[in-house]
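[1] Fold the following and give me the result.
(2 chains)
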Amino acid sequence: MSNLLDLLVAGLATGAIYAIVAVGFTLLWQTSQTINFAQGEFIMLPAFFMLAAMHAGAPFWLAILIGILLSLLLLGLAFKLLLVDPMLRHGVLPLAIATMALAIGIKEAVKQFYSAEASPFPSIVPAGDISVFGRMVSLQSVGVLALAIVAVTGLTAFLNRTSIGHQMQAAAQNPTVARIIGVPVERMILLTFLINALLVALASLLITPIYLAKFSSGEVLGQAAFVAAIVGGFNQVRGAIAGGLLIGVVDNLAGAYVSTQYRAAVPMILLIVIILFRPQGLLGRSEERTV
Amino acid sequence: MTAIPRALRIALGILVIAGLILAPMNFNRYGLFILSQWAVMTIAAIGLNLTLGYAGQVSLAQGAFVGIGAYSAAILTTQGMPLVAALGVAIVLCFAVGWILGYPALRVQHHYLAFVTLAFSTLAFLVFRNEDWLTKGIYGISNIPRPHIFGIATNKPLPFYYVCLGSLGIVTSAMWWLIRSPWGRAFLALRENPVRALSLGIDTRRYTLMAFAIGSALGGVAGVLYAPLTQYIDPVPFNQSLSLDLLMMVIVGGAGFFFGPFLGAMIAVLLPEWLRFTEGYYLMLYAVAVILLLIYSPTGILGILDRILAERRTKTASALRAVTKSRLETAP
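    This is a model prediction of the structure:
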């Protein structure tokens, strides 16, 4: 029984990280029809920014700041201006392919300029166990879960309560009308890219202590985030959150109760079933087919 | 493409074919391996081009079909069966699985379809890795024999290269015929406007499944050649990045252009080799090159050619118009 609780907490913790990344993924899709196949590499990279900063002698907190700043600049601003903007008018597919190429480029760059080996990464949550309802669970899981909940709640509050958040949603839902009523759509799109960069930097900070920093770790993370986004609903922030948590828990339970070998298959089967029977996702709106 | 005169096109074709047959004769082992790999990947990309470029269905599962083909060949030929039997099994198997994989395409499109097919490649990879009794798992299958064709052994790199090239030739001719058949036109109609195609009486359901099944079967053919080419297979080459690579080949070459896959596979297989002198940087440069190409021409390399030819056509046409106009004006 305590085993199940551990698995649930650990699953919710990784799931919350998937949720953060899936939210960024859906935001990019909503505002600019960008399917970012490099999203996994986007999670992998900020950890290396932070590691490099620490190598240069910066203390951990400063390294975190530098990592976030570099993510905002490179994964937010540069990604938007140099890759998405020139390609957007050509449609979804060429842009998606370009992000696949970007994923290869980022992986190779990390391998070449940093290391092909996995590097340990300090955790911002101290190790140890904590007592929850009389049971001991890993402090790291609880800490990660708490931080992720704070981040997601903060983001939803920002999107739903502030004027800029409302403008962003308007820009995502109907850019033409948003423009007519005076929403600076271009600036809002840029803002979503910056928010995505911030989210992946946060995810990187939370997940790298668990999975180690490695150039190839983005593949698994990115796929988990895709699956979370689709299972929850590609066009809904709350769908992405639910999807992330669900995938985290399902993945962890599958590893324990189904088969370690086919652990990765369970989220995939869930994905196929969801797409076939509820393509809009658990909480998503359905998108109309255009003639 | 029609702006190039027919005679020139035929001459160019003969030149390329002769070059592909004659030039590699004094290539070393490695050069022949790379060129054979190009031929094999081109076959897989031709299949994907049918699914994606002609029928408009995004598939991220082509790598899995190459894997199914490769494992069919590896398992059957190491048991002493001829490669042709393995080819038959692989084609039937991939056709059937591709047909089933096409069903989601009847319900969902675009990115959803991309992710269903991506999920399928992950599942296929897990089966290759975990079903030890069949695939020998992570240890892989070694000593895959190369076939005897008409009694000639193809163990040496050069004869086997001709096997790959010959197969590419057969697949190319079959595809050339298919695209020009009523089926090919139905596939195009499916891509351009599925609703209109349906209203014109095309059974879009059947053709969608057919596009998936034929494209997948060609992935299987490529796999059947891949296994004896490398003579050792393990699950790693057939993970989802092969599917992504194949999709990249089709898009970079020019999706929906007949010769797109040839160029795309050339870029994906040969460019990294040419860039190898840059050592650790070659895949980075490759990624940058692909991104720049797609920014410049989202329809791929043949898209550039198409654009240039179209421009020349409009120029010729406007020149003609100008001439006619001036004649009309000078006429009494």
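
[2] Please make it C-alpha for all contacts and neighbour counts, starting now.
    Noted.

[3] And the closest residue to A:Pro122 other than its chain neighbours, how far from chain B?
    Using CA to CA, 6 or more residues apart in numbering or on different chains and skipping the chain neighbours, the partner closest in space to A:Pro122 is A:Pro209 (5.9 Å). Relative to chain B, A:Pro209 is positioned 26 Å away (CA to the nearest CA, to the nearest Å).

[4] Ok, A:Pro175 next?
    21 Å.

[5] before we move on, the earlier item: pretty sure the residue nearest to A:Pro122 contacts A:Ser119?
    No - counting by CA atoms under 8 Å, A:Pro209 does not reach A:Ser119; the two are 9.6 Å apart.

[6] still on that earlier bit, what's the distance between the residue nearest to A:Pro122 and A:Ala203?
    A:Pro209 sits at a distance of 11 Å from A:Ala203 (criterion: CA to CA, to the nearest Å).

[7] So for the two, which residue has more residues nearby?
    It is A:Ala203, of A:Pro209 and A:Ala203, that has more neighbours when counted by other CA atoms under 10 Å in any protein chain shown, with 27 against 18.

[8] May I have the predicted confidence score for the more buried one?
    In this model, A:Ala203 is scored at 93, pLDDT.

[9] SS state for it?
    State at A:Ala203, reduced to three classes by DSSP: H, G, I helix; E, B strand; the rest coil: helix.

[10] Likewise for A:Gly284?
    Here A:Gly284 is recorded as coil under three-state DSSP.

[11] residue contacts, it?
    Counting by CA atoms under 8 Å, 6 or more residues apart in numbering or on different chains, A:Gly284 touches A:232-236, A:239.

[12] Put together JSON lines for those residues, with pLDDT and distance to B:Leu309 on each row.
    What follows is the contacts of A:Gly284, written out as JSON lines (pLDDT from 0 to 100; distance: CA to CA, whole Å):
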{"residue": "A:Gly232", "pLDDT": "83", "distance to B:Leu309": "46"}
{"residue": "A:Gly233", "pLDDT": "78", "distance to B:Leu309": "43"}
{"residue": "A:Phe234", "pLDDT": "72", "distance to B:Leu309": "40"}
{"residue": "A:Asn235", "pLDDT": "70", "distance to B:Leu309": "41"}
{"residue": "A:Gln236", "pLDDT": "76", "distance to B:Leu309": "44"}
{"residue": "A:Gly239", "pLDDT": "86", "distance to B:Leu309": "47"}
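
[13] All the helices of the stretch 101-250 of chain A, residue numbers only.
    Under the criterion DSSP state H, counting those that start in this stretch, helices of the stretch 101-250 of chain A are mapped to A:139-161, A:163-173, A:175-180, A:185-211, A:218-232, A:237-257.

[14] Spatially nearest residue to A:Ala103, not counting backbone neighbours?
    Counting by CA to CA, 6+ apart, A:Ala103 lies nearest to A:Ala38, which is 4.5 Å off, once chain neighbours are set aside.

[15] Near the one you found, how many other residues are there?
    There are 26 residues near A:Ala38, going by other CA under 10 Å.

[16] which stretches of chain B have low pLDDT?
    B:1-4, B:109, B:331-332 (pLDDT under 70).

[17] How about the residues of it by chain A?
    If contact is defined as CA under 8 Å from any CA of the partner chain, the residues of chain B in contact with chain A are B:104, B:107-108, B:111-112, B:116, B:119-120, B:122-123, B:126, B:130, B:193, B:195, B:244, B:247-248, B:251, B:280-281, B:283-288, B:290-291, B:294-295, B:298-299.

[18] Just the buried residues of the residues you listed.
    Among the residues of chain B next to chain A, those classed as buried by 16 or more other CA atoms under 10 Å in any protein chain shown are B:104, B:108, B:111-112, B:116, B:119-120, B:122-123, B:126, B:130, B:244, B:247-248, B:251, B:281, B:283-288, B:290-291, B:294-295, B:298-299.
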